[in-house]
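Student: Output the structure for:
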Amino acid sequence: MTKTIAVIGAGPGGYVAAIRGAQLGANIILIENREVGGTCLNRGCIPTKTYFRNAEIMSNFKRASEFGIEVSSYKMDPKVLQERKNKVVGTLVGGIEQLISSYKNIEFINGTASIKDKNTVSVDLKDGGTKEVTVDNIVIATGSKPQMTETKGVDLEGVITSDDLLEMDEIPETLIVIGGGVIGLEFASIYQELGSKVILLPSRILKNIDMEVARRLPTFFKRQGMEVYLDIRAKEIVKEGNKLKVIAKYKTKDEEIEVVGDKVLIASGRGPIVEGLNLDGVGVEYNHKGIHVNKDFETSIEGIYAIGDVNSLGIQLAHVASAQGEYVMEKLMGEEPIVNLDVYPNCVFTLPEVAFVGMTEEDVKNSGIDYKVSKFMFGANGKALSLGEGDGFVKIFASAEDKKVLGVTIMGPHANDLIHEGAMAIANDLDINSIMRTIHAHPTLSESFAEATAGLEDIAIHIAPPRKRSKRK
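Tutor: Modelled structure (predicted):
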């Protein structure tokens with residue numbers, strides 16, 4: 001008997017789950033009350049990376065003289081920026097819609113779902129009316145939404161979320177960014193290059209990042225022209241004429257600052273979308289972090305699953321949501337998933353880019369594992385220097401005993417593309433020899449990865465030999 005599975009939400013978790021389920025022979029009912037592609041495609045990953053490309057081009061214009069190019073004048077047209085973003089998003093949304101429609105065993109319903117019981121979903125159709133579907137399983141993939149802090153004044157006009165910022169067809173003259181996570185840092189770095197004067201107020205720089213990156217990244221931001229205050233929390237936002245003033249207090253000292261801007265971006269994280277699902281009525285357990293799930297993403301109610309940002313695991317990454325979606329469908333259809341869900345790359349699109357996978361140096365130290373660490377600077381890589389992007393490094397950790405790769409951190413040009421060599425090694429339990437056996441093309445940025453790996457054995461060609469320590473008498 002063919003299974004019928006309802007998937008609530010058509011973001012990167014939901015639509016991928018739907019397609020994988022259809023590939024395995026299930027009848028899929030995919031329910032979405034907005035656009036396919038979810039936050040990532042419509043209000044997150046893709047729009048911001050479209051803006052990131054503009055920021056890169058603006059940065060190159062500013063540095064044109066380094067390359068012998070004289071540019072007399074240039075300016076950003078915010079309306080064209082918005083149009084280009086919408087075109088990219090529209091193209092991808094249309095492609096996914098076509099992809100979904102190409103599977104005859106996927107029924108797409110545009111509406112808002114409510115779970116009546118573990119085998120019944122009621123949908124308020126967008127065009128009016130209600131439709132009830134009977135299914136064998138339910139997969140919740142409703143994603144997340146921006147969270148506002150409890151800071152006094154967040155309801156003032158001009159205090160915005162990332163969703164609001166992406167819909168603006170103007171570049172704020174001065175943008176105050178509250179938050180030092182991925183969202184806050186990406187928007188701060190991008191808008192500084194797009195022409196805003198950015199003031200960054202982070203309580204910390206990136207959660208769970210290698211501390212060397214946390215120390216170095218603000219220096220690069222300041223070099224961009226950004227005003228950065230570290231270890232600080234916003235206390236209050238007040239209106240001051242047609243401007244907004246943020247009063248903030250340092251975490252480590254009894255001192256306050258005041259900064260003034262045109263817009264204030266609240267980038268303090270995202271919360272799960274659970275409203276309207278009738279989780280309480282069905283008995284699905286959840287809290288402010290999301291829906292509780294077990295190792296197979298099953299909720300407290302048998303047969304109902306939750307994947308991606310909406311579950312309480314706290315891994316708010318589109319590619320992880322997609323992987324969880326495939327995993328659940330394969331499990332439901334009697335397959336044994338092969339994906340390693342414990343290993344996933346984290347990518348931050350700032351200037352410079354930051355990416356990491358596996359353990360950080362702090363993680364390794366705290367674990368008590370005997371390890372080796374090697375770092376190769378992009379300043380010694382021919383391709384990086386030819387690009388004019390010699391800042392940053394590749395840092396690799398491996399166990400001293402069996403030489404297995406434990407973690408990789410990269411800060412610098414195309415870090416978010418290079419990180420996958422580290423992810424491949426860790427996910428497949430490879431040792432450093434598997435990397436050193438592989439010839440890396442010249443001149444490429446990937447050579448930096450190979451050199452960092454060889455440095456673990458003190459045989460890197462382009463790293464000076466380590467100094468021999470004198471023995472104590």
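
Student: Measure how buried Leu92 is and give me the count.
Tutor: Neighbourhood size, Leu92 [other Cβ atoms under 10 Å]: 16. In this view, the C-beta of every residue, glycine as well, is placed from N, C-alpha and C.

Student: shouldn't it be in contact with Asn42?
Tutor: No - look at Leu92 against Asn42 with Cβ atoms under 8 Å: they stay out of range, at 9.1 Å.

Student: Flag every buried residue along the longest strand belonging to the chain.
Tutor: Looking across the chain with DSSP state E, the single longest strand is strand 106-117. By 16 or more other Cβ atoms under 10 Å, the buried positions in strand 106-117 come out as 106-115.

Student: any idea what His442 is structurally, helix, strand or coil?
Tutor: Of the three states, His442 takes coil according to DSSP: H, G, I helix; E, B strand; the rest coil.

Student: check contacts around it.
Tutor: Residues in contact with His442, defined by Cβ atoms under 8 Å, 6 or more residues apart in numbering, are Gly382.

Student: Check what pLDDT it gets.
Tutor: pLDDT for His442: 98.

Student: Repeat that for the one 3 residues further on.
Tutor: With respect to pLDDT, Leu445 scores 98.

Student: Pull the number of nearby residues for it.
Tutor: Neighbours of Leu445 under the rule other Cβ under 10 Å: 22.

Student: From Lys383, how far out is it?
Tutor: Counting by Cβ to Cβ, to the nearest Å, the separation of Leu445 from Lys383 is 5 Å.

Student: do the same with Met168
Tutor: 36 Å.

Student: elements contacting the longest strand of the chain?
Tutor: The contact analysis (3 or more Cβ pairs under 8 Å, 6 or more residues apart in numbering; DSSP states H and E) places strand 106-117 against strand 4-8, helix 14-23, strand 27-32, helix 78-101, strand 120-125, strand 130-134, helix 279-282.

Student: That strand pairs with which strands, and in what direction?
Tutor: strand 27-32 (parallel), strand 120-125 (antiparallel) (DSSP bridges).

Student: if you compare those strands, which one is most tucked away?
Tutor: strand 27-32 (a mean of 24; mean count of other Cβ atoms under 10 Å).

Student: Extract the C-alpha trace of the helix or strand just after that one and format it as PDB.
Tutor: Next in sequence after strand 27-32, counting helices and strands by DSSP states H and E, comes helix 38-43. The C-alpha trace of helix 38-43 is given here as PDB (Å, rounded to 0.1, in the frame of the first residue of the first chain):
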ATOM      1  CA  GLY A  38      10.500  29.500   2.300                       C
ATOM      2  CA  THR A  39      12.600  32.100   4.100                       C
ATOM      3  CA  CYS A  40      15.900  31.000   2.600                       C
ATOM      4  CA  LEU A  41      14.900  31.600  -1.000                       C
ATOM      5  CA  ASN A  42      12.500  34.600  -0.500                       C
ATOM      6  CA  ARG A  43      13.700  36.500   2.600                       C
END
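
Student: about what we covered before: what about Met168 and Lys383, which has more around it?
Tutor: Neighbours of Met168 and Lys383, each counted by other Cβ under 10 Å, are more numerous for Lys383; the result is 18 against 13.

Student: for that one, helix, strand, or coil?
Tutor: At Lys383, secondary structure determined by three-state DSSP is helix.

Student: Count the neighbours of the closest residue in space to it that isn't next to it in sequence for me.
Tutor: If the residues on either side of it in the chain are set aside, Lys383 comes closest to Pro443, at 4.4 Å by Cβ to Cβ, 6 or more residues apart in numbering. Neighbours of Pro443 under the rule other Cβ under 10 Å: 12.

Student: Also the one 5 residues further on?
Tutor: Using other Cβ under 10 Å, Ser448 is surrounded by 28 other residues.

Student: now do the one 4 residues further on
Tutor: Other residues within reach of Ala452 by the criterion other Cβ under 10 Å amount to 25.

Student: same question, Ile96
Tutor: Neighbourhood size, Ile96 [other Cβ under 10 Å]: 19.

Student: related to what we said a few turns ago, closest one to Ile463 among the helices and strands packed on strand 106-117?
Tutor: Ranking the helices and strands packed on strand 106-117 by proximity to Ile463 (Cβ to Cβ) places helix 78-101 first, at 40.0 Å.

Student: What are the contacting residues of that closest one?
Tutor: With Cβ under 8 Å, 6+ apart, helix 78-101 has contacts from 10, 15, 18-19, 30, 35-37, 41-42, 46-47, 50-51, 54, 106, 108, 166, 168-171, 194.

Student: list the buried ones in it?
Tutor: Using 16+ other Cβ under 10 Å as the test for burial, helix 78-101 gives 81-82, 85, 88-89, 92-93, 96-97, 100.

Student: How far off centre is that helix?
Tutor: 20 Å (Cα atoms, centre = their mean, to the nearest Å).

Student: send the alpha carbons of that helix over as CSV?
Tutor: In CSV, the C-alpha atoms belonging to helix 78-101 read as follows (Å, rounded to 0.1, in the frame of the first residue of the first chain):
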residue,chain,number,x,y,z
PRO,A,78,18.9,50.8,-4.6
LYS,A,79,15.9,50.3,-6.9
VAL,A,80,18.0,48.3,-9.4
LEU,A,81,19.5,46.4,-6.5
GLN,A,82,15.9,45.5,-5.4
GLU,A,83,14.9,44.6,-8.9
ARG,A,84,17.9,42.3,-9.4
LYS,A,85,17.2,40.6,-6.1
ASN,A,86,13.6,40.1,-7.1
LYS,A,87,14.6,38.7,-10.5
VAL,A,88,17.0,36.2,-9.0
VAL,A,89,14.4,35.1,-6.4
GLY,A,90,11.6,34.9,-9.0
THR,A,91,13.7,32.7,-11.3
LEU,A,92,14.5,30.3,-8.5
VAL,A,93,10.9,30.2,-7.2
GLY,A,94,9.6,29.5,-10.7
GLY,A,95,12.2,26.7,-11.1
ILE,A,96,11.1,25.0,-7.9
GLU,A,97,7.5,25.3,-8.8
GLN,A,98,8.2,23.6,-12.1
LEU,A,99,10.2,21.0,-10.3
ILE,A,100,7.4,20.2,-7.9
SER,A,101,4.8,20.0,-10.6
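
Student: Let me see the mean pLDDT of that helix.
Tutor: 97.

Student: and what of stretch 225-240?
Tutor: In this model, stretch 225-240 has an average pLDDT of 97.

Student: Fine by me, thanks again.
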